[in-house]
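A.B. asks: pasting a predicted model and its sequence here:
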Amino acid sequence: ILSHAKGLHGFYGASSMERLPAEAAIARQTADFKAVTLGDDRAPAKKKKG
């Protein structure tokens, strides 16, 4: 089919297209995770009782 179609240089589809939404979601989720902070560095540390 590819050799008989003028101007066609390949095929893009199937798993190539299906994975694009997952790649964007994984990148976004990874960025969100990296932005998570533990505690508030601006607040003074609380002393433990005892």
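C.D. replies: Noted; the coordinates are in hand.

A.B. asks: which parts of this structure are helices?
C.D. replies: 15-34 (DSSP state H).

A.B. asks: residue nearest the centroid of this protein?
C.D. replies: In the chain, the centroid-proximal residue (C-alpha atoms, centre = their mean) is residue 27; its distance is 1.3 Å.

A.B. asks: and that residue, what pLDDT?
C.D. replies: For residue 27, the pLDDT comes out at 93.

A.B. asks: measure it to residue 33 for me?
C.D. replies: Distance, residue 27 to residue 33, using C-beta to C-beta, to the nearest Å: 11 Å. Every C-beta, even on glycine, is put in place using the N, C-alpha and C of the backbone.

A.B. asks: what does residue 5 give?
C.D. replies: From residue 5 to residue 33 the distance is 44 Å (C-beta to C-beta).

A.B. asks: cool, and residue 7?
C.D. replies: 44 Å.

A.B. asks: show me which of the two is the more surrounded one.
C.D. replies: Remark: of residue 7 and residue 33, residue 33 carries more neighbours, 8 against 4, as counted by other C-beta atoms under 10 Å.
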